[in-house]
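Student: sequence and predicted structure, then a few things I'm wondering about:
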2 protein chains.
Amino acid sequence: MIDARLITLRVFARCGTIGATAELTGYSPSAVSAQLRELQRVLGMQLLTKDGRGLRLTATGRFLVAGSDPLMTQWESLRAAAMEAGDQVQSHFGLGGFSSAAAQLLAPLAATLRSTHPLLQVQVLEADPARCFDLLIAERIDLAVIVAMQSDTYGEDDPRFEQRVLLDDPLDVIIPGDHPLASRETATLEELASEPWITEAAGSTYHSLFTAAFTAVGVTPRIAHEAVEWETHIAFVGAGLGVGLLPRLAPLHGAENVVRLRITGQSKPTRRIVAAARRGSITSPLIQESLGILQVNANRILTARLGEDL
Amino acid sequence: MIDARLITLRVFARCGTIGATAELTGYSPSAVSAQLRELQRVLGMQLLTKDGRGLRLTATGRFLVAGSDPLMTQWESLRAAAMEAGDQVQSHFGLGGFSSAAAQLLAPLAATLRSTHPLLQVQVLEADPARCFDLLIAERIDLAVIVAMQSDTYGEDDPRFEQRVLLDDPLDVIIPGDHPLASRETATLEELASEPWITEAAGSTYHSLFTAAFTAVGVTPRIAHEAVEWETHIAFVGAGLGVGLLPRLAPLHGAENVVRLRITGQSKPTRRIVAAARRGSITSPLIQESLGILQVNANRILTARLGEDL
DNA sequence: GATAACCATGCAGAATAGATGCATGATCGA
DNA sequence: TCGATCATGCATCTATTCTGCATGGTTATC
């Protein structure tokens, strides 16, 4: 209900270039350019300035974007309250989440919603946590399931979002089947400190989880290899290249020569999985219902996997 | 910046029919109908119900309209603050006011704005106070100069508007030149209580002023004739049909056989002239500037007329 | 009880706004 | 200096949206 051009400006404020804004919003770069120009004309404000080969928000632009946060929140609250008060059903619902959440949590959620709300168009988008926030701003999705992170761009208490903790997903360690500790059921990080570790590239979402786990026990692991997908992690471990951390939500589905061990001891690293929505919208009946479904599914999967793998 | 369809809904909430909404917003009835239908589709809410041959807001609709007041206010505030912070100029400015205000206050204001802001498109609409409020909601105008009234539809502290007193325009009495009191400079209402009075039709904006003036002194005037325009009032008086009240802002411009007397005594009736804008927008630089100009003009006209006529 | 007035709505056609894709110009890094 | 990146303008096309008229249903009037 807020003008699309203002939404576009807010997305631009996030990513800084017309091209990226276009990619995120689904428009073409020309359209974004025209929208922002039109916005300035209508409001009679200069919001953007040339800055090298790119654009930069003016002080007025930054002011407007910052001030539009409560406006968005207010609208979301109003919409949520109206939906609740009127017992209405919305027609479209966008979900976003990272890969393992998409598979384990969002897919069942979408299936459930599809059966309980036959008329509802549910769309699921797989995206990193950072992109999920961007997609929320761009109004491409309404609810995201992500790994909590203290990223430099989005804080836990960002005024644009509201977050609810779904579960703390414990990190297990995976080691080759022929490893001396392979017969154990648990291990400590200290015991594995000298192993060659497999992790993600520095700067990625999960790398910070990795380092945080080890700084907690005061050891510096030796990073031997890098992998992006959990599948690759597991394959590397199976090939005997080293050991790695694997969230309990990520399935092993019977990989060869790989054993999953629970981590005990001083530091029990977990990744916190949260649901995020635009601030104000979280009381919307559909989001409330979704949160409930997510919670149930998360707990069920977690306990089931607990008994199955260990 | 708020979706036009929501604005349309707000206007509909005011006037209750598609046709009136179309007239007020400048759309055709079909367009209004389509907009409201589209709005319901997008929001997934049923906002309207058939009611006889017309439409009625549902509970959800009323909820949404009521809740949109702070949203509008917030946006107006934000826009005003951004304009102020960035020292920007807007491109279009709509003014509204009743007839004598339009002539005496709005015309000079528009002229001044036109010279100080050459790029600004100023539009003036003459309309009753009630319609001015409607036009403010419909965003057809941004500032209105009206006679304060405690109408049943718009209170002084309506959450949608903000008002500033410009001046208290005293009501004079006009009597035929051959009237016994014509040589006087002042008169009291009591002295004229038994005269045949000329007023406006009951229910009109100024009729309540008329009755209020007399109830204050506890007499009931005999209403002989009704007239809409001040010009007609004056002509009736000049023709010896009776006496009437005339705001000091309304010019007599040398009418034949009509004398203007100041009212003294217990009750000195005035009409309060106020400027009204959408709540939140009043801090906008352009509106602030306009208020200043209006104030100066109002005082100047008032004092000039004081020396000229009496 | 019939007729006229009123109100919303649907549809065909028209106008307008908005998006696309490519080409262009400007800027930065190598 | 060359290539890469980025924004923008233009021509074209698409899609939305508005208009005007006709229709059907509802209320008021005589």
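Tutor: Received, thanks.

Student: wait, is residue A:49 part of a strand?
Tutor: Yes: Residue A:49 forms part of a strand when assessed by DSSP: H, G, I helix; E, B strand; the rest coil.

Student: return the residues in contact with it.
Tutor: Taking CB atoms under 8 Å, 6 or more residues apart in numbering or on different chains, we find residue A:49 in contact with A:55-58. Yep, even glycine has a C-beta here, placed from its N, CA and C like the rest.

Student: swap in 10 Å and give it another go.
Tutor: Contacts for residue A:49 (CB atoms under 10 Å, 6 or more residues apart in numbering or on different chains) come out as A:55-59, A:61.

Student: gap between it and chain B?
Tutor: 12 Å (CB to the nearest CB, to the nearest Å).

Student: could you list everything that residue pairs with in the sheet?
Tutor: residue A:56 (DSSP bridges).

Student: picking up where we left off before, just among the contacts of residue A:49, which is most surrounded?
Tutor: Counting neighbours by other CB atoms under 10 Å in any protein chain shown, the top entry in those is residue A:61, with 24 neighbours.

Student: isn't that one right up against residue A:12?
Tutor: Yes: the criterion here is CB atoms under 10 Å, and residue A:61 meets it with residue A:12 at 8.8 Å.

Student: now for those two: what residues contact both?
Tutor: A:36, A:47-48, A:55.

Student: could the contacts of residue A:49 go into CSV alongside pLDDT?
Tutor: CSV is the format used below for the contacts of residue A:49 (pLDDT from 0 to 100):
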residue, pLDDT
A:55, 95
A:56, 95
A:57, 95
A:58, 93
A:59, 92
A:61, 94
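
Student: among these, which are in reach of DNA strand D?
Tutor: Contacts with DNA strand D within those, as defined by CB under 7 Å from any atom of the strand: residue A:55.

Student: max pairwise distance over the contacts of residue A:49: which two?
Tutor: Among the contacts of residue A:49, the pair separated by the greatest distance (CB to CB) is A:55 and A:59, at 14.2 Å.

Student: just the strands in chain A please.
Tutor: A:48-51, A:54-57, A:92-97, A:121-126, A:143-147, A:161-176, A:186-188, A:196-199, A:222-226, A:243-247, A:258-264, A:270-278 (DSSP state E).

Student: now the shortest one: buried residues?
Tutor: Within strand A:186-188, the residues scored as buried using 16 or more other CB atoms under 10 Å in any protein chain shown are A:187-188.

Student: same question for the first one.
Tutor: For strand A:48-51, burial by neighbour count (16+ other CB under 10 Å) applies to residue A:48.

Student: quick check: mean pLDDT of it?
Tutor: Averaging pLDDT along strand A:48-51 gives 94.

Student: go through chain A and flag its longest helix.
Tutor: The helix spanning the most residues in chain A, taking DSSP state H as the definition, is helix A:59-86.

Student: so how far is that one from its chain's centroid?
Tutor: Helix A:59-86 sits 22 Å away from the centroid of its parent chain (CA atoms, centre = their mean, to the nearest Å).

Student: cool, stretch A:253-267 as well?
Tutor: 24 Å.

Student: that one: end-to-end distance?
Tutor: End-to-end distance for stretch A:253-267, by CA to CA, to the nearest Å: 26 Å.

Student: same question, stretch A:12-22
Tutor: 9 Å.

Student: go on, stretch A:12-26?
Tutor: 13 Å.

Student: buried ones in it?
Tutor: Neighbour-count burial for stretch A:12-26 [16+ other CB under 10 Å]: A:12-15, A:18, A:20-25.

Student: is chain B within reach of stretch A:61-75?
Tutor: Yes: applying CB under 10 Å from any CB of the partner chain, one finds stretch A:61-75 touching chain B at A:61-71, A:73-75.

Student: buried stuff in that stretch?
Tutor: For stretch A:61-75, using 16+ other CB under 10 Å, the buried residues are A:61-65, A:67-75.

Student: the residue in the stretch 51-200 of chain A positioned nearest to DNA strand D: what's its closest spatial neighbour, skipping adjacent residues?
Tutor: Residue of the stretch 51-200 of chain A nearest DNA strand D, by CB to the nearest atom of the strand: residue A:54 (4.0 Å). If the residues on either side of it in the chain are set aside, residue A:54 comes closest to residue A:17, at 5.7 Å by CB to CB, 6 or more residues apart in numbering or on different chains.

Student: now do the contacts for the one you found.
Tutor: By CB under 10 Å, 6+ apart, residue A:17 lies in contact with A:23, A:29, A:32, A:53-55.

Student: and the two most separated of those residues?
Tutor: Greatest spacing in the contacts of residue A:17, by CB to CB: A:23 and A:53 (17.6 Å).

Student: which bits of the stretch 101-250 of chain A sit near DNA strand C?
Tutor: Contact residues, the stretch 101-250 of chain A versus DNA strand C (CB under 7 Å from any atom of the strand): none.
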